[in-house]
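> Any chance you could fold what I've pasted below:
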Amino acid sequence: ANFMFFHLLGSRGKRFLLLFMETISDLQSDLANNRSTEIHVAALADSKLTLKSSSENIKSLPFSAGKAISQGVSKLEIPMSFRTTDLKTERKAIMLESSTPVSVVTLNHDGYSSDSSLILPVERLGLKYVVGSTDPFSNRDKAHSSQVAIAALQDKTTVTVQLKFKSNSSLAYQNKQYFSGDKIAVNLNRFESFQLSERTDLTGTFVEANLPIAVFAGNRCNKLQRYGFCSHLMEQLPPIDDLDTEYIVPPSLETSGTRIRMVASQRTRVEFFFNGGKREKILEPGTYKDAEFHGEHSVHLKADKPLMVLSFAIRMARGGEGDPYMSLVPGFNQYLSQYFVLVPGGYTKNFLSIIMKADSKSSLRIDGKQLSKDDTVSEIKVVASHDNYLVYVVRTSPGGHKVETLDNSRFGLMIHGQTDGDSYGYAANVVKVS
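You can find the predicted model right below:
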């Protein structure tokens, strides 16, 4: 397979609209210098990147005159002043343009808290989204807040946010109180952004617009259990039109369990199979179901309507590495046969999770080599819709990696890593393949 001729672009592209959400603000002084806002780009060929923003911020935006990058992985540092803040129309969205198709991942890093997100090319942005987040560990601590942020691609974009609060709380915006079920309307021009957060879970909030928007969601810095530190959680969300109906969810970090969150955008019947058992649940629009599993297990989900599936690593004990991260899970129709993915530096361990049909195992290549037993952390067999699948978790190193099958069979790919008290995770593709 010649990597210069990707026949399925997936989440690769030449133009990307992105933003960085707010993170925890008060850090101990020894951690405060360990903060960064980064764009990572994986390019298969030498390319020229250009960053664009609204006029007043362009002076503080690096690389607006362009930056030549060579094949492989490049990192662009962005001023932290570009992070969005609550309930203000701001000009903080950034457009990244590349002369060749690239993959883009953002990383927001603060002390012991970081997370990453795959960024979708602008042609994959949509008009309607359902939000996935987590319930703040403590509703007294603003740092744990659930949040969502929106970026506009074009002038005269009208965004409607139909709020969904888990608890009985309200949001004050422009001298008005909004409750769960209420709609907030926001007008945005090109490269403008808007963020809102709440001390309760925003999962199931719907975001709609008349023109394509980019939507990001997660938590400022949340804990999913009582051990460890809080960690920034974020993902760029795929439009509802790109959600899928069938998923296999791989396990998370070595020292943790996995929480899956299934979020419905319409009335959905979902069956999920794990540990040899089967469960079934009917989900109403904007509602969710959580499932947790531990150790070397994998979950197979099948729904009658498209739904969003999120995976969260959960630290199981006091010791060990890795605080929570949030990752979208790719559905069967989002699998590709070739990827060029990037693994950020700064983490002690990094992993690829590969979900593939068992009979393609011999055809898998990572950087041109077959899977080595030494690097395979776990191998799990899953039967899904009468097909045999294998789920591999494989150790990998920082940098760009080509992952492909020689027989062109499609497979799912997720990337995650951990270091003391921190972790990140993202999926290599989260849009449907036409």
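> which residue sits closest to residue 161, ignoring its sequence neighbours?
residue 184 (4.6 Å; C-beta to C-beta, 6 or more residues apart in numbering). Any C-beta I mention is one placed from the backbone N, CA and C, and that applies to glycine too.
> Look at the one you found and say how many residues are nearby.
19 (other C-beta atoms under 10 Å).
> Against residue 171, how distant is residue 62?
34 Å (C-beta to C-beta, to the nearest Å).
> higher neighbour count, those two?
residue 171 (22 against 11).
> In which helix or strand does that one reside?
strand 170-173 (DSSP states H and E).
> List the buried residues in the helix or strand following that strand.
Using DSSP H and E, the helix or strand that follows strand 170-173 in sequence is strand 176-179. Buried residues in strand 176-179, counted by 16 or more other C-beta atoms under 10 Å: residue 178.
> So for strand 176-179, mean pLDDT?
The average pLDDT for strand 176-179 rounds to 93.
> Partner strands of the following helix or strand past it, with direction?
The helix or strand immediately downstream of strand 176-179 is strand 183-188, counting by DSSP H and E. Using DSSP bridges, the strands paired with strand 183-188 are strand 157-162 (antiparallel).
> so where is the stretch 251-400 of the chain shaky, pLDDT-wise?
253-256, 314-324 (pLDDT under 70).
> re earlier: check the spacing between the residue nearest to residue 161 and residue 308 real quick.
Distance, residue 184 to residue 308, by C-beta to C-beta: 21 Å.
> Same question for residue 370.
Residue 370 sits 34 Å away from residue 308, going by C-beta to C-beta.
> More neighbours: the two, which one.
residue 308 (27 against 11).
> beta partners for that one?
Bridge pairing for residue 308 - DSSP bridges - gives residue 263.
> How about the secondary structure of residue 81?
Using DSSP: H, G, I helix; E, B strand; the rest coil, the secondary structure recorded for residue 81 is helix.
> contacting residues around it?
Contact partners of residue 81, counting by C-beta atoms under 8 Å, 6 or more residues apart in numbering, are residue 60.
> From here on, call the first residue 40.
Okay, using 40 as the starting number, the last item reads as residue 120.
> Which pLDDT value goes with it?
Residue 120 is given a pLDDT of 80.
> Strands along the stretch 40-189 of the chain, start to end?
All strands of the stretch 40-189 of the chain, identified by DSSP state E, counting those that start in this stretch, fall at 52-57, 74-82, 86-91, 106-108, 111-117, 133-149, 152-157, 165-169, 185-191.
> Kindly spell out which helices and strands sit in contact with the last one.
Which is strand 185-191. strand 196-201, strand 222-227, strand 232-237, strand 245-261 (3 or more C-beta pairs under 8 Å, 6 or more residues apart in numbering; DSSP states H and E).
> Centre of the chain to that strand, how far?
13 Å (C-alpha atoms, centre = their mean, to the nearest Å).
> can you state the direction angle for that strand and strand 222-227?
On the basis of axes from the mean of the first three to the mean of the last three C-alpha atoms, to 10 degrees, strand 185-191 is oriented at 40 degrees to strand 222-227.
> what angle do strand 185-191 and strand 133-149 make?
160 degrees.
> now the third one
In terms of direction (the same axes, to 10 degrees), strand 86-91 departs from strand 133-149 by 90 degrees.
> ok, strand 86-91: who's next to it in the sheet?
strand 106-108 (antiparallel), strand 133-149 (antiparallel).
> got the CA coordinates for the longest one in CSV?
By that I understand strand 133-149. Written as CSV, here are the backbone C-alpha positions of strand 133-149 (Å, rounded to 0.1, in the frame of the first residue of the first chain):
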residue,chain,number,x,y,z
ILE,A,133,-8.0,28.9,15.0
MET,A,134,-7.9,27.7,11.4
LEU,A,135,-5.0,25.4,10.5
GLU,A,136,-4.4,25.1,6.7
SER,A,137,-1.9,22.6,5.2
SER,A,138,-0.6,22.3,1.7
THR,A,139,-0.9,18.5,1.9
PRO,A,140,-3.4,16.2,3.7
VAL,A,141,-2.4,15.8,7.4
SER,A,142,-3.9,14.5,10.7
VAL,A,143,-4.2,17.0,13.5
VAL,A,144,-4.4,16.4,17.3
THR,A,145,-4.6,19.0,20.0
LEU,A,146,-3.2,18.7,23.5
ASN,A,147,-4.1,20.9,26.5
HIS,A,148,-1.6,20.4,29.3
ASP,A,149,-1.5,21.8,32.8
